[in-house]
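Participant: Have a look; sequence and predicted model below, questions after that.
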Protein chains: 4
Amino acid sequence: MNREELEVFLHEAFPQVARDFRVDDVAPNEITMRLLVDHRHLRPGGTVAGPSMFALADVSIYLAILAMVGPKALAVTTNCSIDFMRKPASGVDMIAHARLLKLGRVLAVGEVLMYSEGMADPVARASLTYSLPPAGQ
Amino acid sequence: MNREELEVFLHEAFPQVARDFRVDDVAPNEITMRLLVDHRHLRPGGTVAGPSMFALADVSIYLAILAMVGPKALAVTTNCSIDFMRKPASGVDMIAHARLLKLGRVLAVGEVLMYSEGMADPVARASLTYSLPPAGQ
Amino acid sequence: MNREELEVFLHEAFPQVARDFRVDDVAPNEITMRLLVDHRHLRPGGTVAGPSMFALADVSIYLAILAMVGPKALAVTTNCSIDFMRKPASGVDMIAHARLLKLGRVLAVGEVLMYSEGMADPVARASLTYSLPPAGQ
Amino acid sequence: MNREELEVFLHEAFPQVARDFRVDDVAPNEITMRLLVDHRHLRPGGTVAGPSMFALADVSIYLAILAMVGPKALAVTTNCSIDFMRKPASGVDMIAHARLLKLGRVLAVGEVLMYSEGMADPVARASLTYSLPPAGQ
């Protein structure tokens, strides 16, 4: 699936959250996503909420998988380990650079670096495992 | 801080999310929290969204720390590892049983089991590390 | 498998490491294991090495699974998240209390608390995921 | 510290394990380490043991930190999340490419990809957090 197909899928399958995200770029085993930071993602002091960064990491790996295997909504997150390393900048989007390290028959593993747009150092990193549905589903 | 003080603190410090959660019970190094599941926490099929479970785990350990050290808003999450093990039941709240395993000078570590209310088996587990502000802040 | 059967299996399947560990107790979905701390597990200052604690957590969940499903050597660790919280005491064994939170068709998830024998507070905690071989293997 | 200084430090501070590892290359915030795979690192079937891969990840981030801040033996691992993705090749060394994502006053965070020498796809990935001793120690 290319960038446009991923956007369409996201809006059809997850209409509640699709407006939060944008696919900036997609390549084999890699995706760049954007969290369109709005007041609803913020905590006092203007920092982006942890759950919003988790959501960004999660959707990035999910779409990176779908880009490779097609629109199978049934892949489910089984594990996420996330490190919050720096305070996000306020007033800017967050950019996630994600890549798949493994795309197996049963499990997929990916890792994500998240940046406040314009900052050189990453705000957070995450690694995620997805369980893939058996073939035919 | 007791249950009522934690609720007041949550509403004053994090008004955006306070209505999502309720403190059910608090004891030394332990807390029971509730995610008041609403349509905004759901994904297609009625399942509770991963970011909402992350938020529940995060706020549970945060308040378990504050219950012990007082209302210091500056503690920040540095790491979370979360395992999603079962599909949540639809139409019921999620209950988190959290406990602190370490409350040090610099770091606190806690673990959380999350259940769909009325289910015997846990839906998810998480472990989190918080960085604590230096004394005096 | 009971305690004796697990010990026999460990010595036959993993002779290199079996002498490091002892099964203290086993119950449905739970196991208590012991790292028989020797000079080869130590770091300068008498502290137990991180890799030895990782090994203790790993073998504990592995044997907890085998106790439930029988001697299938093919289960493999896919993820481990481990928190080191306190310095181990020197000169004593380490005790692991492990329990399975999920034993599914494809994945098993367990968590472990590790103590220096005689200490009340845990030295480390870990959560692990195992991938289980398809039925018939 | 450069490659030679790191090797000397490793042998002086951790003589028990120094013969297991070699520093292949070091650069600002990056290091390449080698696990000199020997029979004592293997499990039945010739696969490299999980604890040996954990040890490789751990020492890689540790030395990456020391390369930046000097020979301070007191940095301690507080968290490691590790994903085992593929079976290691037998009869070859394992190579770790590690980099620091954060080197703060109190915490350092790094990530590691581990390969069987000559294989294109990573065998394992890990992210680790180290707690750094206060200045002056």
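Facilitator: In hand now; what should we look at? Residues are numbered from 1 along each chain as shown, chains lettered A, B, ... in the order given.

Participant: The residue of chain A found nearest chain D: how many residues sit nearby?
Facilitator: When scored by Cβ to the nearest Cβ, chain A has residue A:81 as its residue closest to chain D, at 3.7 Å. In this view, the C-beta of every residue, glycine as well, is placed from N, C-alpha and C. The local packing of residue A:81 (other Cβ atoms under 10 Å in any protein chain shown) involves 28 other residues.

Participant: do the one 5 residues further on as well
Facilitator: As a burial measure, residue A:86 scores 17 neighbours (other Cβ under 10 Å).

Participant: Next: residue A:12.
Facilitator: 12.

Participant: before we move on, which element is it in?
Facilitator: Applying DSSP states H and E as the criterion places residue A:12 in helix A:3-13.

Participant: pLDDT of the next helix or strand after that helix, averaged?
Facilitator: In the C-terminal direction, the helix or strand that comes right after helix A:3-13 (DSSP H and E) is strand A:21-27. Strand A:21-27 shows a mean pLDDT of 98.

Participant: for stretch A:122-132, same thing?
Facilitator: Across stretch A:122-132, pLDDT averages out at 97.

Participant: Flag every residue of chain A that's near chain B.
Facilitator: A:13-14, A:16-17, A:40, A:42-44, A:49-52, A:54-55, A:58, A:73, A:76-85 (Cβ under 8 Å from any Cβ of the partner chain).

Participant: Kindly supply the PyMOL command isolating those of those residues that are buried.
Facilitator: In PyMOL syntax, the buried subset of these is picked out as below (16 or more other Cβ atoms under 10 Å in any protein chain shown):
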select buried, chain A and resi 14+17+42+43+49+50+51+52+54+55+58+73+77+78+79+80+81+82+83+84+85
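
Participant: ok, longest helix in chain A?
Facilitator: In chain A, with assignment by DSSP state H, the single longest helix is helix A:50-69.

Participant: center of chain A - which residue?
Facilitator: Centroid check for chain A by Cα atoms, centre = their mean gives residue A:60 as the closest residue, at 2.1 Å.

Participant: So what pairs up with the nearest residue to that one once chain neighbours are set aside in the strands?
Facilitator: Distances taken as Cβ to Cβ, 6 or more residues apart in numbering or on different chains place residue A:98 nearest to residue A:60, at 3.8 Å, with adjacent residues excluded. Taking DSSP bridges as the rule, residue A:98 bridges to residue A:31, residue A:112.

Participant: Show me what the lowest-mean-pLDDT helix or strand in chain A is packed against.
Facilitator: In chain A, no helix or strand scores lower on mean pLDDT, DSSP states H and E than helix A:3-13, which sits at a mean of 93. Secondary-structure packing of helix A:3-13 (3 or more Cβ pairs under 8 Å, 6 or more residues apart in numbering or on different chains; DSSP states H and E): strand A:21-27, helix A:50-69.

Participant: out of these, deepest packed?
Facilitator: With neighbours taken as mean count of other Cβ atoms under 10 Å in any protein chain shown, the helices and strands packed on helix A:3-13 reach their highest mean count in helix A:50-69, at a mean of 24.
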